[in-house]
Each structure stands twice: as structure tokens, then as C-alpha cells.
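# okay, here's the prediction I keep looking at, along with the sequence it came from:
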Amino acid sequence: MENDQKHLNYNDTINLGSYYTPEVIVDLAYSILQKNIPNIKYFTILDSSCGYGSFLAKKDIAKRWVGADIDQEAISEAKKIIGDIDYIHLNSLSNVCRKNLTIRNDEKLIVIGNPPYNDTTSIIRNSIKDVSIQDKIDTDIKTRDLGMSFLLSYDKLKADYICVLHPLSYLIKKANFSLLSKFSRNYKLIDGIIISSHEFSNTSRGMAFPILVAFYKRDQRGMTYDHIQNYKFKVKDDGSFCLNDFDTIVNYVQKYPNKKYLNKNDKPVAKFWTLRDINALKRNRTFIDSDTYNTVYVLMEKLPYYCYIDVFKQYADRMPYFIGNCDVIIDNKKFNEIKECFVAQSIHTNPILKNKFKFREIPNAKLKIEKYFKELLGSKLGEKYAKNFN
Ligand SMILES: C[S@@+](CC[C@H](N)C(=O)[O-])C[C@H]1O[C@@H](n2cnc3c(N)ncnc32)[C@H](O)[C@@H]1O
């Protein structure tokens with residue numbers, strides 16, 4: 001791909017989140033812009049993390065273009081590719097204001113682009129993250145994730161519209177949504193398409209996660225978490241989904257360590273690893289043996305639900321990537337009709353449960369479970385996703 005960045009090593013690529021955007025995705029963002037903004041020709045378009053300038057190549061449609069990046073070499077490359085626009089070399093999260101970007105207060109502004117996203121608290125990569133950039137981020141937009149700080153920076157710039165890529169988890173995880181409160185007070189999601197992180201050539205080694213090509217309009221009423229839960233997200237190449245279409249396991253079990261909530265008479269029958277989203281479940285263990293700060297204690301009456309999660313994990317690779325940041329989904333009524341199948345399957349396959357409980361075979365358990373998942377995905381997401389199950 002011609003826009004793949006070539007000048008950074010592995011560490012710097014992670015530090016700066018420099019994964020450049022393929023042309024089809026840039027085109028997708030522009031089709032959303034053009035559909036929603038009638039008079040783009042009167043606007044200034046800013047990409048404050050422009051890299052080689054992939055998002056600045058549609059020159060004829062707007063009044064003025066500004067590209068900024070913290071990486072001087074990226075800017076030099078961008079200048080070679082798209083010449084006569086305004087480039088600025090700066091940290092876009094430090095002293096954020098229109099003036100530093102040579103944008104006047106009366107200019108109508110659209111922010112576009114693919115800002116870096118990396119969780120600054122993530123344990124694995126912390127050792128190679130550059131703290132000097134993070135230290136300089138304005139305190140009012142500092143968060144644990146660079147991408148969220150970028151969203152907050154667009155609010156400081158009072159952009160009229162924002163069309164950027166960011167992890168879907170920023171909106172659908174309540175904790176993230178809360179961190180973005182200053183942003184969501186002033187912006188409303190009005191369009192967008194979910195794409196897979198695997199659309200980026202350099203990132204396809206990891207587990208696919210959903211990225212939203214999001215389109216926000218500045219709006220005094222902002223948006224609530226309810227708006228997100230009821231929002232019908234379009235998925236690239238296929239279908240749509242809405243968080244409120246699903247019931248999830250959090251309505252039935254304890255996700256987080258619960259030792260302090262146990263009563264004296266409670267007799268836990270098993271231990272479980274802390275639950276996060278579906279993608280985390282794919283990586284993590286389910287039932288465990290040890291007492292750690294991550295242990296969830298399971299009472300007998302809830303055991304079938306935890307077995308459900310354990311079995312869900314076995315099938316999670318056949319689920320679509322775009323529900324990866326959701327809690328484990330469930331159809332509680334149908335689950336209850338066949339819950340002994342999940343218990344049997346879990347005891348049969350999970351080494352920790354095997355040692356604790358007696359396996360009682362249920363005829364056709366596996367078939368019934370497959371049918372359950374087929375119906376769950378087919379009814380909520382479309383027949384295409386049911387095909388992965390027999
Ligand atoms: C994911 S890349 C996207 C580049 C380009 N917009 C594209 O889509 O091809 C993120 C870019 O953000 C830049 N960047 C990272 N932190 C920055 C900061 N604090 N201020 C300005 N640019 C930054 C990196 O140098 C990198 O070029």
C-alpha cells in the first residue's frame with residue numbers, strides 16, 4: 001500500500017500510533033461527510049494527526065486545508081505527496097487552540113482523520129511508550145488513551161463537524177463514554193460505519209477489534225449514553241447492529257471480583273476470572289483454581305451462567321468481530337430451556353470443572369448448543385452470521 005508509513009521503527013510506530021489509513025477507508029469517511037454536509041466548500045478541513053496526509057487528498061471540495069503532525073518527517077513526506085496546503089509541525093494535544101493551527105475563530109471547521117489510539121495504561125506496551133509527549137498534553141484533555149484526548153481536543157477547537165476513526169469501545173463502554181463527558185456534552189453521533197481493525201495492513205496480526213468511522217455534529221444538547229445504546233450502527237460490507245438488541249450476561253452474573261459482597265452463609269462452588277468484553281474473554285481464562293484479586297466467586301445457583309460464558313468462549317471465534325467489545329450476549333429464555341447442556345459441556349471440556357463436578361451426559365448437548373448460537377446470531381445480527389454454526 002503506497003501510504004504505508006516507512007520511516008518509523010517498531011517503538012515509534014506504537015508511541016505515535018502511526019498506522020496510516022488505506023484509501024478505501026478515507027473514501028468511506030468522505031462519502032459520509034458529503035452525504036451529511038451540504039456546503040463543504042465553505043469549510044476548512046483539519047487533520048491534526050495527518051501523517052503522510054491520506055485524508056488531505058480531496059483538495060477540490062473544501063475552502064482550505066490544514067494538516068498537522070508531531071512527526072516532522074511525516075509532514076515532509078506529506079508535503080511531497082500533497083503540496084500546496086498548510087502544514088504545521090506540533091503536538092496537537094498541547095496548548096490546543098485554533099490560533100496555533102492558523103485557524104481563525106470565524107472559520108467553519110471540519111476535523112477529519114485517524115488520530116492515534118493507544119491505551120496509555122496498557123501494561124504490555126508501557127515500557128516502550130514515550131512519556132515526554134504525554135506529559136505535555138493539556139490537563140483538561142488528558143485521559144488514559146491518546147485517541148480520547150484527541151476527541152476532547154476537537155471540542156476545544158469547537159469544530160462544527162468531526163469525522164474521524166476511533167475504537168468503537170470509546171462509545172459503547174460506559175467507563176470510556178464517561179471519560180468523554182466534555183466531548184459528549186457538545187457533540188452528537190449522527191452517522192458512522194464500523195470497520196475491522198484488520199483493514200489496516202500492519203495491525204492484522206492481533207485480534208480484530210471494531211473501529212468506528214464516526215461522524216459527529218456539534219450540538220448544544222450533546223448525546224447521552226442512551227443515544228449510543230439505541231444507535232443503529234452500520235457495519236461495512238454488511239448489516240447493522242444496536243446494543244439494545246441484545247441481552248447480556250451482566251444482567252445475570254457478577255462480572256467483577258465479589259469477595260466483599262459474599263455473605264457468611266454463601267458457599268461458593270467455583271472461581272472465575274474477572275469478566276470484561278468478548279475480546280478479553282477470548283484471551284483470558286474462565287474458571288480458575290486460585291484466589292487472586294481477580295477472582296469472582298461463583299454460587300451454585302449461578303453456576304449455569306458461568307458455564308455458559310465458558311462455552312461461549314469456545315465459540316467466540318465464530319462470532320463477528322464487531323461485537324468484540326460487547327459483554328457476552330445471551331438469550332436468557334432459550335438459555336434456560338437448555339442450560340443443563342451448557343453445564344454438561346463445560347464440565348466435560350473445562351479441566352478445572354472436571355475435577356470438581358461429576359459429568360452427567362445430556363443427549364445431543366453439543367447440537368443443541370450450536371442451534372442456540374445459530375438462532376441467537378441469526379435473529380439479532382442477520383442470517384449471514386448464523387452460517388458459522390451447524
Ligand atoms: C494513525 S496515524 C494516522 C495518520 C493519517 N491521519 C492517516 O490516517 O493516514 C496517527 C498520526 O498521529 C500522529 N501523532 C501522534 N501523536 C500526536 C500528537 N500528540 N500531535 C500530533 N500528531 C500526533 C503520528 O505521528 C501519526 O502520524
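In hand now; what should we look at?

# need the three-state assignment for whichever residue of the chain sits closest to the ligand.
At 2.7 Å from the ligand, Gly51 is the closest residue in the chain, using Cβ to the nearest ligand atom. All C-beta atoms are positioned from the backbone trio N, CA, C, and that covers glycine. Look at Gly51: counting by DSSP: H, G, I helix; E, B strand; the rest coil, its state is coil.

# which residue is the nearest non-sequential neighbour of Lys79?
In space, Lys79 comes closest to Tyr87 once its chain neighbours are excluded; the distance is 6.0 Å by Cβ to Cβ, 6 or more residues apart in numbering.

# wasn't that neighbour part of a helix?
No - with three-state DSSP as the criterion, Tyr87 is located in strand rather than a helix.

# circling back to that earlier point, show the pLDDT at the residue of the chain closest to the ligand.
Here, the pLDDT recorded for Gly51 equals 93.

# so it versus Arg218, what's the distance?
According to Cβ to Cβ, to the nearest Å, Gly51 stands 25 Å off from Arg218.

# neighbour-wise, which of the two wins?
Neighbour totals were compared for Gly51 and Arg218, and Gly51 leads with 26 against 16 (other Cβ atoms under 10 Å).

# OK, contacts around the more buried one?
3, 5, 18, 20-21, 69, 71, 74, 78, 114 (Cβ atoms under 8 Å, 6 or more residues apart in numbering).

# so which of these also contact the ligand?
When those are checked against the ligand using Cβ under 6 Å from any ligand atom, the ones in range are 18, 20-21, 69, 71, 74, 114.

# now the two most distant members of those residues.
Pairwise distances across the ones next to the ligand among the contacts of Gly51 peak at 15.1 Å for Thr21 and Asp71 (criterion: Cβ to Cβ).

# how many neighbours does Leu152 have?
Other residues close to Leu152 by other Cβ under 10 Å number 22.

# and it, what helix or strand is that in?
In the assignment (DSSP states H and E), Leu152 maps to helix 146-156.

# double-check that Tyr305 belongs to a strand.
No - according to three-state DSSP, Tyr305 belongs to no strand; its state is helix.

# re earlier: list the ones among the ones next to the ligand among the contacts of Gly51 that fall in strands.
Of those, the ones assigned to strands by DSSP state E are Asp69.

# now the buried members of the ones next to the ligand among the contacts of Gly51.
18, 20-21, 69, 71, 74, 114 (16 or more other Cβ atoms under 10 Å).

# just checking, Leu56 touches Ala74?
No - using Cβ atoms under 8 Å, Leu56 is not in contact with Ala74, being 12.0 Å away.

# which residues are in contact with each of the two?
Shared contacts of Leu56 and Ala74, defined by Cβ under 8 Å, 6+ apart, comprise Cys50.

# and the chain, what are its domain boundaries?
Using automatic domain parsing, the domain ranges for the chain come out as 10-244, 247-386.

# least confident of those, on average?
domain 10-244 (a mean of 90).

# what's the burial count for the nearest residue to Ser48 once chain neighbours are set aside?
Excluding its sequence neighbours, the residue lying closest to Ser48 (Cβ to Cβ, 6+ apart) is Ser92, at 3.9 Å. Neighbour count for Ser92, taken as other Cβ under 10 Å: 25.

# list phi and psi for Ser92.
Main-chain torsions, Ser92, degrees, to the nearest 10: phi -70, psi 0.
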